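Asks: Here's a sequence, model it:
(one chain, ligands or ions: 1)
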Amino acid sequence: MFAPDYPIRTERLLLRPIEAADAAPMLDYKADAENVRYVPYGPLTLAEIEERIATRWAGTRFEKQDDAVCLAVEERESGRLVGDVVLFWRSENDREGEVGYILDPRFSGRGYAAEAVAALLAVGFDGLGLHRIAARIDERNAASVRVVERLGFRREARLVESSWFKGEWTTLLIYALLEDEWRSSIIEG
Ligand SMILES: CC(C)(COP(=O)(O)OP(=O)(O)OC[C@H]1O[C@@H](n2cnc3c(N)ncnc32)[C@H](O)[C@@H]1OP(=O)(O)O)[C@@H](O)C(=O)NCCC(=O)NCCS
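Replies: This next block holds a predicted model:
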């Protein structure tokens with residue numbers, strides 16, 4: 001079992017459990033078809049967001065494989081919700097996790113996604129003791145590819161039209177980062 005200490009602070013952001021009051025600001029970026037084009041859900045209505053906050057986005061700690069912790073990402077300076085991130089515990093045996101992330105487009109282009117995911121990597125490797133953290137990205141999602149490449153993830157595979165997703169065949173890129181690669185990237189700065 002592992003439960004991070006909340007809030008998790010980075011230079012400009014704060015990561016904390018998602019609250020009922022986050023539903024309205026989340027609607028701004030989860031009801032937008034373009035913004036959710038490459039994420040596994042949506043576009044979502046306010047009622048759907050509220051239902052998810054009460055259920056699958058409510059987890060704050062890892063107890064067993066398949067648990068996921070979704071965290072709200074707040075701009076420290078303003079207290080505004082800028083997006084949310086998720087860490088899935090995919091396998092206990094393989095000590096594997098997977099990250100997901102989404103920003104309100106009004107807050108993109110500032111490095112917030114990479115900063116928030118970097119904090120999530122520390123939760124996964126240092127906190128949960130993971131060996132490998134992966135990211136699965138639609139190859140058309142160039143902004144997302146830049147986020148993981150900036151964090152040192154290696155591109156491991158390109159699965160051509162492997163997924164029937166939102167009404168079309170999708171080519172997925174598999175990216176991953178191992179614990180020792182992450183530790184040496186931190187030392188190198
Ligand atoms: C994927 C997503 C989170 C990326 O957002 P983003 O704003 O491009 O990523 P970051 O917050 O890390 O910002 C990086 C950009 O900010 C720029 N930047 C500006 N100031 C910066 C700073 N102080 N530090 C770091 N980067 C900074 C970087 O140069 C970079 O720009 P570039 O990508 O044009 O080179 C966003 O596009 C999104 O929410 N998409 C919809 C949901 C989605 O597809 N999620 C991923 C599913 S796999």
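
Asks: ok, whichever residue of the chain sits closest to the ligand - how many residues close by?
Replies: Among all residues of the chain, G111 sits closest to the ligand, at 2.2 Å; criterion: Cβ to the nearest ligand atom. From N, CA and C alone the C-beta is placed, and that goes for glycine too. Look at G111: counted by other Cβ atoms under 10 Å, it has 14 neighbours.

Asks: Now for it: which residues touch it?
Replies: For G111, the contact set (Cβ atoms under 8 Å, 6 or more residues apart in numbering) is empty.

Asks: Next, work out how far apart it and I137 are.
Replies: Plainly put, G111 is 18 Å away from I137 if you go by Cβ to Cβ, to the nearest Å.

Asks: same thing with L172?
Replies: From L172 to I137 the distance is 7 Å (Cβ to Cβ).

Asks: Which one of those two is surrounded by more residues?
Replies: I137 (22 against 17).

Asks: That one touches V145, doesn't it?
Replies: Yes: when contacts are counted by Cβ atoms under 8 Å, I137 is listed as touching V145 (5.8 Å).

Asks: which residues are common contacts for those two?
Replies: By Cβ under 8 Å, 6+ apart, I137 and V145 have these common neighbours: 173, 175.
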